[in-house]
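[1] Take this sequence and fold it.
(chains A, B, C and D)
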Protein chains: 2
Amino acid sequence: MSTLTEHPHPEQIRVAVSTVIFSLRRDPGDDRARVVMPLVRRTRDPFEGRWALPGGWLGDVEGMEAAASRTLAETTGLAPSYLEQLYAFGDVDRSPTRVVSIVYWALVREDESRATAQENVAWFDATTHPELAFDHDHIVRYALWRLRNKVGYSRIAHGLLPDLFTLADLREVYEAILGRRLDPANFRRQVEGSATLIPTDERRGGSHRPARLYRYNHDVELAERGPLPD
Amino acid sequence: MSTLTEHPHPEQIRVAVSTVIFSLRRDPGDDRARVVMPLVRRTRDPFEGRWALPGGWLGDVEGMEAAASRTLAETTGLAPSYLEQLYAFGDVDRSPTRVVSIVYWALVREDESRATAQENVAWFDATTHPELAFDHDHIVRYALWRLRNKVGYSRIAHGLLPDLFTLADLREVYEAILGRRLDPANFRRQVEGSATLIPTDERRGGSHRPARLYRYNHDVELAERGPLPD
DNA sequence: CCAAAAGTGTTATAACTACACCCATGT
DNA sequence: ACATGGGTGTAGTTATAACACTTTTGG
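    Okay, the predicted model is just below:
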């Protein structure tokens, strides 16, 4: 690639792809939703027995994003509603052998995330999880930071919701990600003014006054990430 | 890395590191500064003769950021005032052989960028440059987008200026990057209110009223990039 | 004195925040 | 009827933008 500094033959550096997958979990008891992620228990050295991010080696005729999707399918069994490259980690000592990890982060809708039933896969709270293998603790922290950051200036929150949702649902997503309460009135005006939602005529009646259901406007993109492939 | 999907042995994928280096050029004739970047002319296939981003293979005991710095030193001969990972490019068909490129972007101060005199290296306007090798056109577009984006919410503009500078100098940097004029009065108030500049007692007298010289306040960081190494 | 950039002041507009208040429904 | 979340109104604050104006230098 580019101007090649002279090496008789490039050394053996392996390329892996991992993905931080976020979803939302709203348990019967809790009144707030939590951000959760699936982890995989390692069945071999190094770090045998420890939890780690789902991932695998990059195939030699496989695109990196495709590898991330494959990873995601193998663990959750479903397609992500949002997928974006997070960062490339390549410190010399981050693994016993030299591995460069291209890390992606993804969003999966709550209803879909329930489908997971693989062996050695479990969902954890994204903020309070066991100590992970390799530098994955660090990676998860960074992914969470990016998620919180991005939710402030783009529309990715919809990636965690089903087709139809109320404004309270959407607000709950923001609150779970940002970790603080938002004013319902101001929240409503903000999203209504942004032309990203299409109001439907349907309502959903919980225990009180029924709320209008909205649909996401796919004309505006989930997130602007500049001039990048798709 | 992580949960390893079974491959008898990972295939031969090579890892390269490239850097998009930005600097500012203020030529005698022009009244505005331009964003410029150094390119390297390829001396071998593929794309022999075409201009490309400076870069090289990642050494097997070399960190990725170190590789980017090395690249930068080999072309400009100097250390960057700012260096950040841009993106990892790994499409299967972006090169005749499978190469994953970890791309960084960097800022170099104008006075330092004059020192370049390597063979096969030349500086080009960042917006109007010849068609580059590989997918480097695409990469440069993305790097420029990130630069313009980041200048809006962080202090990286100082990475293009010497130790002492006037507010007009700083404003010129912003104008060159954003491609539009800024109101001097409002610009002054914004940066003065942000506590990132330390006023000195020195002045610089051009052809008219002397302007106060400022120094960058290193207590606040150049840019917040979240919980990432250094 | 004049041109031009340095630097200050003023005002209009938009965005954000807090919070009071009314509405519609299940119980 | 009443508790509760859905939904609207409004006023204070803050950030931004436009632009008039004063100051200080070199020529």
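[2] which helix in chain A runs the most residues?
    helix A:136-153 (DSSP state H).
[3] which of the residues in it are buried?
    Buried residues in helix A:136-153, defined by neighbour count with 16 or more other Cβ atoms under 10 Å in any protein chain shown: A:136, A:138-144, A:146-147, A:150-151. Where C-beta positions appear, they are placed from N, C-alpha and C, glycine not excepted.
[4] need those residues in TSV with pLDDT and distance to A:Gly226, can you?
    Putting the buried residues of helix A:136-153 into TSV (pLDDT from 0 to 100; distance: Cβ to Cβ, whole Å) gives the following:
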residue	pLDDT	distance to A:Gly226
A:His136	98	27
A:His138	98	25
A:Ile139	98	22
A:Val140	98	24
A:Arg141	97	24
A:Tyr142	98	19
A:Ala143	98	19
A:Leu144	97	22
A:Arg146	96	15
A:Leu147	97	18
A:Lys150	95	13
A:Val151	95	18
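[5] Can you lay out the residues you listed as CSV showing distance to B:Leu161?
    Below are the buried residues of helix A:136-153 laid out as CSV (distance: Cβ to Cβ, whole Å):
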residue, distance to B:Leu161
A:His136, 39
A:His138, 32
A:Ile139, 34
A:Val140, 36
A:Arg141, 32
A:Tyr142, 29
A:Ala143, 33
A:Leu144, 34
A:Arg146, 29
A:Leu147, 33
A:Lys150, 30
A:Val151, 33
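[6] re the thing from before, so does the longest helix of chain A get close to chain B?
    Yes - on the criterion Cβ under 8 Å from any Cβ of the partner chain, helix A:136-153 is in touch with chain B at A:136, A:138, A:141-142, A:145-146, A:149.
[7] Reformat those residues as TSV; add distance to B:Glu48.
    Listed next are the residues of helix A:136-153 next to chain B as TSV, based on distance: Cβ to Cβ, whole Å:
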residue	distance to B:Glu48
A:His136	42
A:His138	41
A:Arg141	44
A:Tyr142	39
A:Trp145	43
A:Arg146	39
A:Asn149	42
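[8] Quick check: the farthest pair among these?
    A:His136 and A:Asn149 (19.7 Å; Cβ to Cβ).
[9] so what's A:Arg50 closest to, chain neighbours aside?
    Closest residue in space to A:Arg50, ignoring its immediate chain neighbours: A:Ala133 at 4.2 Å, by Cβ to Cβ, 6 or more residues apart in numbering or on different chains.
[10] And the pLDDT for the one you found?
    If you check A:Ala133, the pLDDT there is 96.
[11] And for it, the neighbour number?
    23 (other Cβ atoms under 10 Å in any protein chain shown).
[12] try A:Pro210
    The burial count for A:Pro210: 11, using other Cβ under 10 Å.
[13] A:Asp91 too?
    A:Asp91 has 17 nearby residues by other Cβ under 10 Å.
[14] Kindly report the same for A:Arg26.
    A:Arg26: 14 neighbours (other Cβ under 10 Å).
[15] what do you get for A:Glu221?
    Using other Cβ under 10 Å, A:Glu221 has 10 neighbouring residues.
[16] For B:Tyr87, state which of the residues of helix A:136-153 next to chain B is nearest.
    A:Arg146 (13.5 Å).
[17] picking that back up, so which residues make contact with the longest helix of chain A?
    A:18, A:20, A:22, A:35, A:37, A:52-53, A:86-87, A:89, A:103, A:105, A:126-127, A:129, A:131-132, A:156-157, A:174, A:177-179, A:223, B:2, B:226-228 (Cβ atoms under 8 Å, 6 or more residues apart in numbering or on different chains).
[18] 6 Å - rerun?
    A:20, A:52-53, A:86, A:103, A:105, A:126, A:156-157, A:177, B:226-227 (Cβ atoms under 6 Å, 6 or more residues apart in numbering or on different chains).
[19] Same check on stretch A:111-128?
    A:23, A:34-41, A:75-78, A:144, A:162.
[20] same deal with stretch A:184-203?
    Residues contacting stretch A:184-203 (Cβ under 6 Å, 6+ apart): A:155, A:167, A:171, A:210, A:212-215, A:217, A:220.
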